[in-house]
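Okay, here's the prediction I keep looking at, along with the sequence it came from:
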Amino acid sequence: MKIDPDKCIACLECLEYCPMNCILEGEESTRIDQDECVECGVCLKSGVCPEDAFFLPEEATQYPRVIRREFSDPSVQYPTLKQGGRGTEEMKTNDVTGRYRRGEYGMALEFGRPGTGTRISEIEKVLKVLLSMDVEVEKNNPVFLLLEDEKSGTMKPEVLNEKVLSAILEFKIKEGQLEDVVNTLKPVLAEVDTVVSWGLATRFAEDGTLPVRSRLSEIGLPARPNAKINMGMGRPIIEE
Amino acid sequence: MSHSLHRYGKQEDLHNDYTFYARTSRWVNREGAGPKLRKILEIILSEKPVNFGSSHAGKSFKAGLDPDEYAGTLDKAYGVASCFSDRESIKRVLTKLKAADTGISIVTGGLIDEIVEIARQVGLKPHTAFLSLGIHGKRALLPDDQVLEVTTMCGHGMVASNLTEAVVKQIEAGKMTPEEGAHLLAQPCPCGIFNTDRCEEILKRD
């Protein structure tokens, strides 16, 4: 996003609306730090500017900068995947897709969430580790569009410094890999220059319990008390 | 994305915060799902949700989304998102949906044990859970807990920490009520899962 200096009256009403805190105060008008802006569009859509000074510049729609908008503005679809959002259907439709079966867990690492944003380079650091492990990385995810080399996890050089509000790495592991995967990832995540919200998808056991909760507590990564739950109302349902 | 996961807060403060998502699958049942999604919306509206909306509609109920206008967009939608503040409402929604048998996947967010108990009472068999394993990495970048409780109610990250802090200051200065503050903070979140009732309670705390 940019601010038209001829329209801006420096009222400063907009400063607080930016999730990246990158609207800067100037002497005669405000401006947006283009390196930090993730093109989420909150400033423009908020309607807070009395002079309609915010606008989407042409360069924000051009590659590679367009990545920022695609990963940050939930109203924008990825042209190639024809889907919106930063990830996939994950477990929301698992009752009809059977994506996560008994005996395996889905994992999602959302970089930049909550509220800090992330450079693509931070995702690359963790993706390289993931691809060196025996896990099944989800390729129908927009992050994969940024890869130069699918085997090593090397991203296209021109996207590494692009900043997005958040992006998700999704992968599946076998139940027996849980401890190894957690122990490998924890120190890697501790070193990234952003925050990462970590999620785990699991089938309910036949008796309606979630045995993974006690396993997670035992390995020092307890699940929070709140979660989202697929209620099993999709049809035709996949039970196994 | 997992936009209704990772809502921050202590267990005792997460009661009465239920997210709801009806989601079609691109691979299974999205084609022609509009009438089913409208039926689901009708059921949601019958139980007075706190909020509803979706990114495809571009705004939430709290930002002025008209229910009829919203219903008209559902032929091209992935699903319907909403949130509720009381257990009996979400329970009645699930009961009505069970009877309607739309075949669309339904996801409910909240305290795990409460949701599982509600499912048992309604006669549903929960299929899959998405658990939150917390925030990792450079936590020094995070704002304080009160702010996080507010901002994480928008999973797309549209609600700014600075805006939340500014609202808190306005309330402390007596220039804004918690209700007004919650309404203002709900504006940037288009998905309709920003729970203004819970936000108001958070803003009332000392």
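Good, I have the coordinates.

For the rest of this, base every contact and every neighbour count on C-alpha atoms.
Will do.

tally of neighbours for residue B:134?
16 (other C-alpha atoms under 10 Å in any protein chain shown).

That one: which element?
Using DSSP states H and E, residue B:134 falls within strand B:128-137.

From the contact counts, what lies against the helix or strand following that strand?
For strand B:128-137, the succeeding helix or strand toward the C-terminus, using DSSP H and E, is helix B:145-151. On a contact count with 3 or more C-alpha pairs under 8 Å, 6 or more residues apart in numbering or on different chains; DSSP states H and E, helix B:145-151 meets helix B:161-172, helix B:196-204.

Repeat the analysis, applying 10 Å as the threshold.
With contacts defined as 3 or more C-alpha pairs under 10 Å, 6 or more residues apart in numbering or on different chains; DSSP states H and E, the packing partners of helix B:145-151 are helix B:161-172, helix B:178-186, helix B:196-204.

Looking at the ones you listed, which is nearest to residue A:154?
helix B:161-172 (32.6 Å; C-alpha to C-alpha).

Report the distance from the closest one to the chain centre.
22 Å (C-alpha atoms, centre = their mean, to the nearest Å).

Then stretch A:194-204?
On C-alpha atoms, centre = their mean, the centre of stretch A:194-204 falls 12 Å from the chain's centre.

what's near enough to touch the most centrally placed residue in chain B?
For chain B, the residue nearest the mean C-alpha position is residue B:193 (2.3 Å; C-alpha atoms, centre = their mean). Residue B:193 makes contacts with B:3-4, B:17-21, B:49-54, B:60-61, B:81-84, B:153-155, B:186, as judged by C-alpha atoms under 10 Å, 6 or more residues apart in numbering or on different chains.

pLDDT below threshold where in chain B?
Chain B contains residues with pLDDT under 70 at B:1-2, B:206.

Can you tell me who residue A:163 pairs with across the strands?
residue A:119 (DSSP bridges).

thinking it is in contact with residue A:72, fair?
Yes - assessed by C-alpha atoms under 10 Å, residue A:163 is found in contact with residue A:72 at 9.2 Å.

Which residues are in contact with each of these two?
A:37, A:38, A:39, A:117.

Which pair of those spans the longest distance?
Greatest spacing in those, by C-alpha to C-alpha: A:39 and A:117 (11.2 Å).

Neighbour count for these two, which is higher?
Between residue A:39 and residue A:117, residue A:39 has the larger neighbour count (other C-alpha under 10 Å), namely 28 against 25.

which residues touch that one?
For residue A:39, the contacting residues are A:1-2, A:20, A:56-57, A:60-61, A:65-73, A:163-165, by C-alpha under 10 Å, 6+ apart.

hmm, try it at 6 Å
Residue A:39 makes contact with A:1, A:68, A:69, according to C-alpha atoms under 6 Å, 6 or more residues apart in numbering or on different chains.

Turn the shared contacts of residue A:163 and residue A:72 into a markdown table, columns for pLDDT, distance to residue A:178 and secondary structure.
Output for these, formatted as a markdown table (pLDDT from 0 to 100; distance: C-alpha to C-alpha, whole Å; DSSP: H, G, I helix; E, B strand; the rest coil):
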| residue | pLDDT | distance to residue A:178 | secondary structure |
| --- | --- | --- | --- |
| A:37 | 98 | 36 | coil |
| A:38 | 98 | 34 | coil |
| A:39 | 97 | 36 | coil |
| A:117 | 98 | 27 | coil |
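
between those, which is closest to residue B:118?
residue A:117 (35.7 Å).

what about the closest residue to the closest one other than its chain neighbours, how many residues close to it?
Excluding the flanking residues, the one nearest residue A:117 by C-alpha to C-alpha, 6 or more residues apart in numbering or on different chains is residue A:165, at 4.1 Å. Counted with other C-alpha under 10 Å, the neighbours of residue A:165 add up to 30.

coming back round to it: please identify which of the helices and strands packed on helix B:145-151 is closest to chain A.
Taking C-alpha to the nearest C-alpha, helix B:161-172 is the member of these nearest to chain A, at 4.7 Å.

Check which residues of that closest one are buried.
Buried residues in helix B:161-172, counted by 16 or more other C-alpha atoms under 10 Å in any protein chain shown: B:161, B:162, B:163, B:164, B:165, B:167, B:168, B:171.

and the closest residue to the fifth one other than its chain neighbours, how many residues sit next to it?
Closest residue to residue B:165 apart from its sequence neighbours, by C-alpha to C-alpha, 6+ apart: residue B:147 at 6.9 Å. Using other C-alpha under 10 Å, residue B:147 has 20 other residues around it.

How about residue A:160?
Residues near residue A:160, counting by other C-alpha under 10 Å: 17.

any idea how far it is from residue A:147?
Separation of residue A:160 from residue A:147 (C-alpha to C-alpha, to the nearest Å): 10 Å.

domains of chain A?
Listed domain ranges for chain A are A:2-72, A:90-218 (source: automatic domain parsing).

Which helix or which strand is home to residue B:37?
Counting by DSSP H and E, residue B:37 is part of helix B:34-46.

How about residues contacting that helix?
B:71, B:74, B:75.

Using a markdown table, lay out those together with secondary structure, neighbour count and distance to residue A:7.
Output for the contacts of helix B:34-46, formatted as a markdown table (DSSP: H, G, I helix; E, B strand; the rest coil; neighbours: other C-alpha atoms under 10 Å in any protein chain shown; distance: C-alpha to C-alpha, whole Å):
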| residue | secondary structure | neighbour count | distance to residue A:7 |
| --- | --- | --- | --- |
| B:71 | helix | 20 | 37 |
| B:74 | helix | 22 | 37 |
| B:75 | helix | 17 | 39 |
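
Compute the distance between residue B:143 and residue B:185, please.
Using C-alpha to C-alpha, residue B:143 is found at 16 Å from residue B:185.

With neighbour numbers in mind, choose between the two.
Per other C-alpha under 10 Å, whichever of residue B:143 and residue B:185 has more neighbours is residue B:185, with 24 against 17.

do you know how far the residue nearest the centre of chain A is from residue B:146?
Most central in chain A under C-alpha atoms, centre = their mean is residue A:167, positioned 2.3 Å from the mean C-alpha point. Residue A:167 sits 24 Å away from residue B:146, taking C-alpha to C-alpha as the criterion.

With residue A:46 instead?
Distance from residue A:46 to residue B:146, counting by C-alpha to C-alpha: 23 Å.

And residue A:39, by the same measure?
If you measure residue A:39 against residue B:146 using C-alpha to C-alpha, the figure is 26 Å.

Skipping its backbone neighbours, what lies nearest residue A:15 in space?
residue A:23 (5.5 Å).

Chain A contacts on chain B?
With C-alpha under 6 Å from any C-alpha of the partner chain as the criterion, chain B comes near chain A at residues B:1, B:25, B:55-56, B:103-112, B:126-138, B:157, B:160, B:162-163.
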